[in-house]
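Visitor: how would this look folded up:
(3 chains)
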Amino acid sequence: MEIKRINSGPRWSDATVINGTAYFVEVAEDETADMRSQIRQVLAQADDSLATVNSDKSRIVAVTIYVTDFANFAILNEEWEAWLPQGCAPSRACVKAELADPNYLVEIAFIAAVV
Amino acid sequence: MEIKRINSGPRWSDATVINGTAYFVEVAEDETADMRSQIRQVLAQADDSLATVNSDKSRIVAVTIYVTDFANFAILNEEWEAWLPQGCAPSRACVKAELADPNYLVEIAFIAAVV
Amino acid sequence: MEIKRINSGPRWSDATVINGTAYFVEVAEDETADMRSQIRQVLAQADDSLATVNSDKSRIVAVTIYVTDFANFAILNEEWEAWLPQGCAPSRACVKAELADPNYLVEIAFIAAVV
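Guide: Coordinates of the predicted model:
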C-alpha cells in the first residue's frame, strides 16, 4: 500500500495518507496568541493540510481535541461550529491535557477521507 | 470515497464510517452516575453505535480510554472484560485526563471494522 | 472485512489489523527504568509489533505520544529521531497525561500501513 507524506521532517510529517485516509495534527503557528486566535489558526492550518492531501473540511471523520483549560471550551466550540460545514461533523473526543509548548492552548488530531 | 455520518450535529456526529472503518466516541448519558454505571452506560451506548454502523463489539480494533481517576481503573477493567467477547480485544491506550463535563468519569474513543 | 489480532488477551490485543491498517500501543515492559530506557524499550517493542503485522518503522502513519512529564521531552525526541528512518515520519500528537502505572513515563499509540 502506498504511503503519502507531506513535509516529512525528522519528528513528524505535516500529513500522511494511506488507503484514502489522511492523518494530521495542528497546533497554532503563533503560539503566543489567545485561545480565539489559536483555534482559528488551527482550523485555517487544517484547511491547508486538507488541501495538500486532496480533501477538505467536509470530509473529516474523526478528531481528538486537546485543550489545556476548559475555561476555553466555549470559544473552542464557537469557532469549531462556525468553521464546520453543516452536516459534516466528525466523531469527536475532547479532553484536557498539557501540551509540549506551555503557550499552546489547543492541539487537534484529525482523520479525514481523501476525495 | 463515501462518508457515512450517524446523527450529525453542529459539533460532532455520533459515528462516522469511511472505507469500512467506523469512528465513534462515548461518554455516559447520565453523567451524575458513579463509575460502574458510567462505564456500563458507555459500553451499552457503544453497542448501539456499533449497531447503527452495521458492526458489533466483536469487531472493535482500537480504543483510547480516558479516565479522570485511576482509582476507578479496577472497575473499568472489570466491566470492560465482562463486556468484551473472548478473543476480540482491540488495541488499547488508557490515560488519565479531565473531561469536558466535570461529572464525566470516563470517555472512550472507538475504531471498529464494519461488517 | 477480515480482522487480524495479535496476542488477544482479555483487555487488549498486542496489535490489530483491518484493511491494511495496523493499530498497536506500547509501554515499556520494564517500567522501573528511566525515560531513556523506557522510550528505547517502547520503540524496540514497536519494531517487534510492526514485524508481527508484516510492517516496519518506515510505514508508520500516525502516533499519539503520551508523556507524564515534559522534562523528558528532549530525551523522547532524541531517541525518536534516532529510531525513525529519514523521510518516514508519521503525523504526531504529543500530550502530557498520567498513565495506568505510576512508573510508566511514556505510552505511544501507533497506526501503521501493512506492506
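
Visitor: Close to chain C: what parts of chain A are there?
Guide: Counting by Cβ under 8 Å from any Cβ of the partner chain, chain A comes close to chain C at A:1, A:3, A:5, A:8-19, A:21, A:23-25, A:64, A:66, A:97-100, A:107, A:109, A:111. Bear in mind the C-beta positions are built from the backbone N, C-alpha and C, glycine included.

Visitor: out of those residues, who's near chain B?
Guide: Answer for the residues of chain A next to chain C near chain B (Cβ under 8 Å from any Cβ): A:19, A:21, A:64, A:97, A:111.

Visitor: If you count contacts, what does the helix or strand hosting A:Glu78 end up packed against?
Guide: Using DSSP states H and E, the element containing A:Glu78 is helix A:73-83. Counting contacts by 3 or more Cβ pairs under 8 Å, 6 or more residues apart in numbering or on different chains; DSSP states H and E, helix A:73-83 is packed against helix A:35-52, strand A:60-67.

Visitor: on that earlier part again, mark which of the residues of chain A next to chain C are buried, thanks.
Guide: For these, a neighbour count by 16 or more other Cβ atoms under 10 Å in any protein chain shown gives the buried set as A:3, A:5, A:8, A:12-19, A:21, A:23-25, A:64, A:66, A:97-100, A:107, A:109, A:111.

Visitor: how about the helices and strands packed on helix A:73-83 in a markdown table, adding mean pLDDT?
Guide: Shown next, in a markdown table, are these (pLDDT from 0 to 100):
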| stretch | mean pLDDT |
| --- | --- |
| helix A:35-52 | 98 |
| strand A:60-67 | 98 |
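
Visitor: So which of the ones next to chain B among the residues of chain A next to chain C are in strands?
Guide: Using DSSP state E, the subset of those located in strands is A:21, A:64, A:111.

Visitor: So which of those residues is the closest to A:Ala46?
Guide: Using Cβ to Cβ, A:Ile111 comes nearest to A:Ala46 of these, at 11.6 Å.

Visitor: Quick check: the gap between A:Val115 and chain B.
Guide: 7 Å (Cβ to the nearest Cβ, to the nearest Å).

Visitor: that's a strand at that residue, yeah?
Guide: No: read with DSSP: H, G, I helix; E, B strand; the rest coil, A:Val115 is coil and lies in no strand.

Visitor: so it touches B:Ile18, yeah?
Guide: No: if you go by Cβ atoms under 8 Å, A:Val115 and B:Ile18 don't touch, sitting 11.5 Å apart.
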